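Chemist: here you go, sequence then predicted model.
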Amino acid sequence: MAYHGPSYGLSRECAMKSQAKFSPERAKQCVIWIEEVTGNKAENEIKDQIDFAEMLKDGSILCQLINAIQPGSVKKINTMKAPFKQRENIEMYLKACGNYGLKEQDLFQVNDLYENKNLYMVVDNLYNLGGMTQKKGWDGPILGVKQASENKRNFDEDVLKAGQSMI
């Protein structure tokens with residue numbers, strides 16, 4: 001991770017605002033959910049956002065998570081500690097999430113996790129993934145709320161005219 005030095009002014013305000021959005025309680029719930037789904041226990045307890053980021057930084061746990069939810073989503077998980085391989089794991093996880101049904105706005109950028117930029121986005125992604133698993137009828141552990149299904153209504157002309165007279 002590149003060290004960018006201290007930030008001042010607007011950059012500092014943006015960084016502080018981003019850090020304030022991170023919730024350690026939600027991150028701990030995510031870690032518990034990941035442990036239950038994958039069956040692997042976390043090595044260290046999550047005390048702050050740095051611990052959370054270090055746990056997920058190499059992307060292998062995220063790949064194991066999506067493979068446990070939808071087998072075969074990530075074909076090969078890189079175990080090398082080379083930075084580009086770790087980033088590749090995160091990219092493969094995000095691509096698998098998109099294929100699973102998550103929308104573009106439910107995903108995070110690789111740098112959000114890898115450089116500890118916007119870790120709240122990673123937490124939100126995991127909550128959205130948990131909601132999508134419930135929507136798709138997965139019977140494993142749950143996280144977050146179930147995502148709504150589309151309930152499209154088709155009205156005929158008579159009903160539409162009756163509605164216009166109500167206004």
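Modeler: Received, thanks.
Chemist: rest of the way, CA atoms for contacts and neighbours
Modeler: OK.
Chemist: ok, the most centrally placed residue in the chain to Thr79 distance?
Modeler: Among the residues of the chain, Asn125 comes closest to the average C-alpha position under C-alpha atoms, centre = their mean, at 1.8 Å. Here the criterion is C-alpha to C-alpha, to the nearest Å. By it, Asn125 lies 23 Å from Thr79.
Chemist: kindly report the same for Lys28.
Modeler: Lys28 is 24 Å from Thr79, by C-alpha to C-alpha.
Chemist: got the end-to-end distance for stretch 53-66?
Modeler: First-to-last residue span, stretch 53-66, C-alpha to C-alpha: 18 Å.
Chemist: can you pull the buried residues of it?
Modeler: Across stretch 53-66, burial judged by 16 or more other C-alpha atoms under 10 Å covers 53, 55-66.
Chemist: again with stretch 134-151
Modeler: By neighbour count on 16+ other C-alpha under 10 Å, the buried set for stretch 134-151 is Gln134, Ile142, Leu143, Gly144, Lys146.
Chemist: hmm, back to that, give me phi/psi at the residue nearest to the centre of the chain?
Modeler: The phi and psi values for Asn125, taken as degrees, to the nearest 10, are phi -60, psi -40.
Chemist: hmm, Gln109 and it touching each other?
Modeler: No. Applying C-alpha atoms under 8 Å, one finds Asn125 not in contact with Gln109, separated by 10.5 Å.
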